[in-house]
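Trainee: show me how the following folds:
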Amino acid sequence: MHKTAKRSAKAAAAGVLALTLALTGCGSGNNNNNSNTGGKDNASGGNASPAAAGDDNAPVTFSVFMSGPGQQPTPDNKILKLMKDKTGVSFNMEFLVGDLQQKLGVMIAGGDYPDIMSGDDKLINAKAYIPLEDLIEKYAPNLKKHYADVWNQIKDESDGHIYVLPSYGVYQGKITEPTYQGPGFWLQKKVLEEMGYPTPKTLDEYFDIIAKYKEKHPDVIGFESLNFDWRVFPLQNAPEHLSGHPNDGAVVVDNNVAQIFADKDMAKDYYKKLNEINAQGLMDKEAFVQNYDQYLAKIASGKVVGMFDQHWNFQDGETSLISQGKIEDTYIGFPLLYPGAEEWYRDRGAVGTNRGFGISINAKDPERIIKFWDQMITEEWQKTIQWGVKGEDYEVNADGSFYRTPEQRANADKTSWQVANKITGMHGYMPKIQGTYSDGNAADPGTQPQEFFDSLKPYDQKILKAYNKKSWSEFFKEPKENYIYFPAYSIVLKDGSPAQLAQSKLNDLQVKFLPKAIMASPAEFEGVWQDYVDKIHKLDIKAYEDRMNEGIQQRIEKWSVK
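Mentor: Numbering: from 1, shown residues only. Purely as a prediction, here's the structure:
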């Protein structure tokens, strides 16, 4: 699995930035009956908007639906006021309440779509969006530049149109992600502190730390894992990272060729090690029979010394620890490797295809909407949205670097302040700059290295200073450029196809046999492992690998920007 964490957005007041904001196109009217052919008629209708009459900044209100829950901004929200003052655009926002699939079903059945909707495959299949590529080419040079390197990737695979402008995964400059949300081998901060701040680099070094700590504190859980529902990656994914590969799911890809690794030595060596530490009493005996809530509860108890997982997957447990005042029980991740492997734990995050905002077939003025987004992706607006107002929400050092005062940080942590000064909910779905601006500042306060460090609690600052680091992501190497096909796990497997059936059966074998191999006595491990491998080889693995390789080659051909 892969997930990219959302960034916070900062609001602004009117008149602060010297922005040149022009809305210059013709408006359009209601367009309920267009077929999604990508032609000009999909982006224009019969009823002219005020902009069509020559008033580029005439007041207009667009309805917006967002597919996740959220909190409405206050009526006097300063960033929305700035947008209205400078562009004439206002919004009626609707956040999801209740079940998403039920909501989408009602919308589709009635053809009752707002002007703007967050991306969803179900809505795409229902032809609820208009194609955007022609609008972008004609009216949105900033968006075209923003998506230039991923232009072919953001096209829908079924027909080649762009229906949704991705909100995440498009980077510029340097990637600064201080919190780090990806995979790693995690250890509690208090354990590292007690053990003299070690930096484990191998499985042996990692488990040696756990063993020594558990010897002094026998009531703790040494190593935790999860093998439940779709969240099987804490058990299944470690071998690909230990061997120097990024997260491509059930395959590793070398020289653009994918193969499963479940039956390879890179997997066997890892599970044999878990078998050994289980025999030593370091493995949680309930790890493979617990559900996700039970897993999080154990994390939140402060008793789990370490685990392999992606940070976002156990972060709710950490949040509980922080709320309990147990910051010393939270975790630092380490990129353990097999001898000779080259680290590839961090990645740049794949572009979120079909996840962002799209324009519905009912939109009254698609040109005006695309021009608005085109303005919002400029650095001036992005700084305003994500950082706020200079002198009010942030300051600038003599060297040009942005920072916040303690009072400004405290304000930003208050919900009452956020709903009046930020548009976090809507901005989460909007096109956005990630990485750094042209002046070197990070896209938002949470990813500005010094600002991030200064915002930490004294205990965390002490831990980082002991390691001579400024952020948690610095425990991992800078991410490499993604391969054009990355991540391979997102290649579509047609339901009921030989490839999909083989992948499903492989997962079933892993869910059953990996716990069995780990919990067996060391003398029984080889026999259990061989039985597992033999059963894998009875599956039509070739069909699965062939489909993955077909998908990789298709992406190389279609996604490369020529």
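Trainee: wait, residue 233 sits on residue 312?
Mentor: No. Assessed by CB atoms under 8 Å, residue 233 is found out of contact with residue 312, at 11.1 Å. All C-beta spots, glycine's among them, are computed from the backbone N, C-alpha and C.
Trainee: and those two? Which one has more around it.
Mentor: residue 233 (21 against 17; other CB atoms under 10 Å).
Trainee: how about the contacts made by that one?
Mentor: 1, 183, 309, 310, 313 (CB atoms under 8 Å, 6 or more residues apart in numbering).
Trainee: hmm, which two among those residues are most spread apart?
Mentor: Using CB to CB, the pair of the contacts of residue 233 lying farthest apart is 1 and 309, separated by 10.4 Å.
Trainee: so between these two, which is more surrounded?
Mentor: A count of neighbours by other CB under 10 Å puts residue 309 above the other of residue 1 and residue 309, at 28 against 17.
Trainee: model confidence for residue 35, exactly?
Mentor: Here the pLDDT value assigned to residue 35 is 34.
Trainee: when you give positions from now on, start the count at 339
Mentor: In the new numbering, first residue 339, that becomes residue 373.
Trainee: would you confirm that residue 584 contacts residue 824?
Mentor: Yes. If you go by CB under 8 Å, residue 584 and residue 824 touch, sitting 6.5 Å apart.
Trainee: what do those two both touch?
Mentor: Here residue 584 and residue 824 have residue 685 as joint contacts, going by CB under 8 Å, 6+ apart.
Trainee: next, the buried residues of stretch 859-879.
Mentor: 863, 866, 867, 870, 871, 873, 874, 877, 879 (16 or more other CB atoms under 10 Å).
Trainee: nearest to residue 820 among those?
Mentor: Checking the buried residues of stretch 859-879 one by one against residue 820 (CB to CB), the nearest turns out to be residue 879, at 25.6 Å.
Trainee: confirm for me that that closest one is in contact with residue 599.
Mentor: No. Residue 879 lies out of contact with residue 599 (CB under 8 Å); the separation is 11.4 Å.
Trainee: go through the longest helix that the chain contains and flag the buried ones.
Mentor: If you go by DSSP state H, the chain has its longest helix at helix 836-857. By neighbour count with 16+ other CB under 10 Å, helix 836-857 contains the buried residues 836-841, 843-844, 847-849, 851-853, 855-857.
Trainee: list the helices and strands it packs on?
Mentor: Contact here means 3 or more CB pairs under 8 Å, 6 or more residues apart in numbering; DSSP states H and E; on that basis helix 836-857 packs against helix 571-574, helix 603-617, helix 863-875, helix 879-897.
Trainee: out of those, nearest to residue 580?
Mentor: helix 603-617 (6.1 Å).
Trainee: which strands or helices does that closest one pack on?
Mentor: Judged by 3+ CB pairs under 8 Å, 6+ apart, helix 603-617 is in contact with helix 541-554, strand 559-562, helix 576-580, helix 836-857, helix 863-875.
Trainee: switch to 6 Å and redo it
Mentor: Judged by 3 or more CB pairs under 6 Å, 6 or more residues apart in numbering; DSSP states H and E, helix 603-617 is in contact with helix 576-580, helix 836-857.
Trainee: neighbouring contacts of it?
Mentor: Here helix 603-617 makes contact (CB atoms under 6 Å, 6 or more residues apart in numbering) with 541, 545, 576, 577, 581, 599, 621, 855, 856, 860, 863, 867.
Trainee: ok, of those residues, which one's closest to residue 815?
Mentor: Once CB to CB is applied, the member of the contacts of helix 603-617 that ends up nearest residue 815 is residue 581, at 15.3 Å.
Trainee: the closest residue to residue 528 other than its chain neighbours: neighbour count?
Mentor: With CB to CB, 6 or more residues apart in numbering as the criterion, residue 528 has its nearest non-adjacent residue at 4.0 Å, and that residue is residue 666. Using other CB under 10 Å, residue 666 has 17 other residues around it.
Trainee: ditto for residue 816
Mentor: The tally of other residues near residue 816 (other CB under 10 Å) stands at 11.
Trainee: need the pLDDT of it.
Mentor: For residue 816, the model assigns a pLDDT of 89.
Trainee: sec struct for residue 647, please.
Mentor: strand (DSSP: H, G, I helix; E, B strand; the rest coil).
Trainee: for residue 428, same thing?
Mentor: Three-state call for residue 428 (three-state DSSP): strand.
Trainee: ok, the residue nearest to it when sequence neighbours are not counted - how many residues close by?
Mentor: Nearest residue to residue 428, sequence neighbours excluded (CB to CB, 6+ apart): residue 399, at 4.5 Å. Residue 399 has 13 neighbouring residues, counting by other CB under 10 Å.
Trainee: which residues touch stretch 539-557?
Mentor: 523, 529, 533, 536, 538, 558, 560, 611, 615, 620, 643-644, 674.
Trainee: before we move on, the earlier item: need the winner for burial among the helices and strands packed on helix 836-857.
Mentor: helix 571-574 (a mean of 22; mean count of other CB atoms under 10 Å).
Trainee: mean confidence score for that one?
Mentor: pLDDT averaged over helix 571-574 gives 97.
Trainee: just how off-centre is that helix within its chain?
Mentor: 18 Å (CA atoms, centre = their mean, to the nearest Å).
Trainee: okay, it in CSV with CA atoms only?
Mentor: Once non-C-alpha atoms are left out, helix 571-574 reads as follows in CSV (Å, rounded to 0.1, in the frame of the first residue of the first chain):
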residue,chain,number,x,y,z
PHE,A,571,1.5,-4.9,4.3
PRO,A,572,3.0,-4.7,7.9
LEU,A,573,3.6,-8.4,7.5
GLN,A,574,4.1,-8.8,3.8
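Trainee: nearest to residue 791, of the helices and strands packed on helix 836-857?
Mentor: Distance to residue 791, taken as CB to CB, is lowest for helix 571-574 among the helices and strands packed on helix 836-857, at 28.8 Å.
Trainee: pLDDT at the closest residue to residue 840 other than its chain neighbours, what is it?
Mentor: Nearest non-adjacent residue to residue 840, counting by CB to CB, 6+ apart: residue 882, 4.0 Å away. We have a pLDDT of 98 for residue 882.
Trainee: shouldn't residue 882 be in contact with residue 841?
Mentor: Yes. Taking contacts as CB atoms under 6 Å, residue 882 lies within contact range of residue 841: 5.0 Å.
Trainee: first-to-last residue distance for stretch 564-575?
Mentor: Start and end residues of stretch 564-575 are separated by 11 Å (CA to CA, to the nearest Å).
Trainee: so can I have JSON lines of the helices and strands packed on helix 603-617 showing distance to residue 702?
Mentor: Below are those laid out as JSON lines (distance: least, CB to CB, whole Å):
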{"stretch": "helix 576-580", "distance to residue 702": "48"}
{"stretch": "helix 836-857", "distance to residue 702": "41"}
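Trainee: between these, which gets nearest to residue 741?
Mentor: Closest approach to residue 741 among the helices and strands packed on helix 603-617 is made by helix 576-580 (34.2 Å; CB to CB).
Trainee: in its sheet, which strands sit next to the helix or strand just after that closest one, and in what direction?
Mentor: Tracing the chain C-terminally past helix 576-580 and defining elements by DSSP states H and E, one meets strand 589-592 next. Strand 589-592 has the following sheet partners, assigned by DSSP bridges: strand 595-598 (antiparallel).
Trainee: show me which residues of the strand it pairs with are buried.
Mentor: Neighbour-count burial for strand 595-598 [16+ other CB under 10 Å]: 596, 597, 598.
Trainee: one more: stretch 446-458?
Mentor: 446, 451, 452, 453, 454, 455, 456, 457, 458.
Trainee: per-residue confidence at residue 407?
Mentor: Note for residue 407: predicted pLDDT of 83.
Trainee: that one touches residue 434, doesn't it?
Mentor: Yes. The criterion here is CB under 6 Å, and residue 407 meets it with residue 434 at 5.5 Å.
Trainee: who's more crowded, the two?
Mentor: residue 434 (15 against 11).
Trainee: from residue 402, how far off is the more buried one?
Mentor: Applying CB to CB, to the nearest Å, the value for residue 434 to residue 402 is 12 Å.
Trainee: ok so, going back, show me what contacts the residue nearest to residue 840?
Mentor: Taking CB under 6 Å, 6+ apart, we find residue 882 in contact with 837, 840, 841.
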